[in-house]
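J.: could you work out the structure for the sequence below:
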Amino acid sequence: MREAGLFVEEQVTLPLVFKRVRMPEAYRADFIVEKCLVVEVKCVSHILAVHKAQLLNYLRPSGLTLGLLLNFNVPHMKEGIHRVINGPERDL
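T.: Residues are numbered from 1 along each chain as shown. Got it, this is the predicted structure:
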């Protein structure tokens, strides 16, 4: 991604806020690209609902609405790309 000229942050820590309790480094997103896209990388037999929920949990505190869940354990990469949106698609 960097070779394509994109600004990429790796292993970005994100907070968890529950009621009035804040844990500043509760989550760690694999990549944030151009400060607008969260990318989570997996290598699992199947993407489960818990994987999508994990990405949503990264999107909320980051303030971003779009995420990609990439599963590298597939025969063709296009089968391993899952788009996750936090909010209405029209807001993208």
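J.: now L16: which helix or strand?
T.: Here L16, judged by DSSP states H and E, is contained in strand 8-18.
J.: surely E34 is in contact with A4?
T.: No. The pair E34 / A4 is not scored as a contact, 10.6 Å apart, by C-beta atoms under 8 Å. Quick note: C-beta positions are derived from backbone N, CA and C, even for glycine.
J.: what about the two, which has more around it?
T.: E34 (11 against 7; other C-beta atoms under 10 Å).
J.: look up how far E3 lies from that one.
T.: Per C-beta to C-beta, to the nearest Å, E34 is found 14 Å from E3.
J.: now L66: closest residue in space that isn't a chain neighbour?
T.: L37 (5.3 Å; C-beta to C-beta, 6 or more residues apart in numbering).
J.: so what's that neighbour up against?
T.: Neighbour list for L37: L64, L66, G67, L68 [criterion: C-beta atoms under 8 Å, 6 or more residues apart in numbering].
J.: kindly report the same for M23.
T.: P15, L16, V17.
J.: isn't the last one up against P61?
T.: Yes. V17 sits in contact with P61 when judged by C-beta under 8 Å, with a separation of 7.0 Å.
J.: picking up where we left off before, what's the closest of the contacts of L37 to V8?
T.: L68 (12.7 Å; C-beta to C-beta).
J.: quick check, pLDDT for that closest one.
T.: Listed pLDDT for L68 reads 97.
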